[in-house]
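Asker: Curious how this folds, go ahead:
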Amino acid sequence: MIEYGRSNRWYNDYDSEIEFCKKNGFDFLQVWYKDGVLQGDKIVEPKEKTILEKGFPIIIHALFEIEDYDKYSSYR
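Answerer: Okay, the predicted model is just below:
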């Protein structure tokens, strides 16, 4: 089964993002993770708790600096 998701938009609150997804047939939200923190200006802190309480599926997209590639890559 194919599922469709979309990236969380920074300028909308999290509840509006979930509502938009449900209305338009998206199955999950992509939330960015950078420097040890979930990204999103309009996700109520603590973000992890808010995301869990809302119960809408997410995937976490980890962002790294280009210098981190060698540090975290298993390809050598």
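Asker: Show me where the chain has its strands.
Answerer: For the chain, the strands defined by DSSP state E cover 5-7, 28-34, 37-38, 58-62.
Asker: how about the ones you listed in a markdown table, adding mean neighbour count and mean pLDDT?
Answerer: Quick note: C-beta positions are derived from backbone N, CA and C, even for glycine. Below are those laid out as a markdown table (neighbours: other CB atoms under 10 Å; pLDDT from 0 to 100):
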| stretch | mean neighbour count | mean pLDDT |
| --- | --- | --- |
| strand 5-7 | 14 | 94 |
| strand 28-34 | 16 | 94 |
| strand 37-38 | 14 | 92 |
| strand 58-62 | 12 | 93 |
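Asker: Same list (these) but as a markdown table, adding distance to Ser74.
Answerer: Below are these laid out as a markdown table (distance: least, CB to CB, whole Å):
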| stretch | distance to Ser74 |
| --- | --- |
| strand 5-7 | 26 |
| strand 28-34 | 19 |
| strand 37-38 | 24 |
| strand 58-62 | 15 |
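Asker: Give me the pLDDT for Lys42.
Answerer: On the pLDDT scale, Lys42 is placed at 91.
Asker: thinking it is in contact with Tyr11, fair?
Answerer: Yes. Between Lys42 and Tyr11 there is a contact at 7.1 Å, judged by CB atoms under 8 Å.
Asker: higher neighbour count, the two?
Answerer: Lys42 (14 against 7; other CB atoms under 10 Å).
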